[in-house]
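**Q** mind folding the following:
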Amino acid sequence: MSDSPIRVVVVDDHPVFRLGMSALLDTLTGIECVGEAADATDALALVARVRPDVVLMDLHLGRGSGIEATRLLRRDHPAIRVLVVTMLNDDASLVAALRAGARGYVLKGASAADVERGIRGVACGDLILGAPLADRAGALLGARSDAPFPQLTDREREILGLLARGLANPLIAHRLGLSAKTVRNNVSAILVKLHLGSRAEAIAAARDHGLGAPSTGEAPPVTDRHA
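**A** Numbering: from 1, shown residues only. Predicted coordinates for the structure are as follows:
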């Protein structure tokens, strides 16, 4: 690393959190907050303008998805590192963020030392995960020969797991940073590949194979029987 400070942009739709995070960054030696954004559109424009080293990215933004913003940011600025800072402690969000290109994932409520470690780590190219997540990450991201429904792609299996937890298509789309049409297309592909006749049959099959159990500490999903 050079002697230049690590330049950080904070992306979060809660102004109080942005203010607090910016104040924290100003107390850390060798780290400088160079901008804040409240939604995905403003974040992408800000990053293009100030070219930070690290972006602290929330996943639930007022407008747009932090997952999709991460994907676009990494596509357009591959040298910039993304550290997700979120309340979401579920496996699907963790995997989606890392697949989108995030280099770190810490939970809101982490200590100042953990946030600092995350920023410095991802700036150096390391993969940084908060303590509650590290033990799960290897199993989630590693290839498993015993994974259910091997005929499905990883994305289709991920969507099937969310279906089994009772999430409606719009919630799945928001969670994974996908369009509603993409989710519908994946659900159709799942039904064809598994030779099933309905969404209900897919949910039953997924639960029979152990998919759909929420992560520890995760709130029950809101269901929508009409989606």
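
**Q** okay, CA-based contacts and neighbour counts for the rest of this
**A** Will do.

**Q** what ranges do the helices span in this structure?
**A** For the chain, the helices identified by DSSP state H occupy 15-26, 40-50, 66-76, 91-100, 112-123, 131-141, 154-164, 169-176, 180-193, 199-208, in order along the chain.

**Q** of those helices, which shows the lowest average pLDDT?
**A** Confidence, taken as mean pLDDT, is least for helix 131-141 of the helices of the chain (a mean of 63).

**Q** columns distance to Leu56 on top of the helices of the chain, output as CSV?
**A** Written out in CSV, the entries for the helices of the chain read as follows (distance: least, CA to CA, whole Å):
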stretch, distance to Leu56
helix 15-26, 9
helix 40-50, 10
helix 66-76, 10
helix 91-100, 12
helix 112-123, 8
helix 131-141, 17
helix 154-164, 25
helix 169-176, 18
helix 180-193, 26
helix 199-208, 34
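
**Q** nearest to Met57, out of those helices?
**A** Closest approach to Met57 among those (CA to CA): helix 66-76, 6.4 Å.

**Q** so the closest one versus helix 91-100, what angle?
**A** Between the axes of helix 66-76 and helix 91-100, defined by axes from the mean of the first three to the mean of the last three CA atoms, to 10 degrees, the angle is 10 degrees.

**Q** and the angle for helix 66-76 with helix 169-176?
**A** Using the same axes, to 10 degrees, the inter-axis angle of helix 66-76 relative to helix 169-176 is 50 degrees.

**Q** list the contacts of helix 66-76.
**A** Contact with helix 66-76 is made by 40-41, 43-44, 57-60, 80-82, 96-97, 100-102, 176-178, as judged by CA atoms under 8 Å, 6 or more residues apart in numbering.

**Q** hmm, try it at 7 Å
**A** If you take CA atoms under 7 Å, 6 or more residues apart in numbering as the criterion, helix 66-76 is touched by 40, 44, 57-60, 80, 82, 96-97, 100-102, 176-177.

**Q** which of the residues you listed count as buried?
**A** Among the contacts of helix 66-76, those scoring as buried are 40, 44, 57-60, 80, 82, 96-97, 100-102, 176-177 (criterion: 16 or more other CA atoms under 10 Å).
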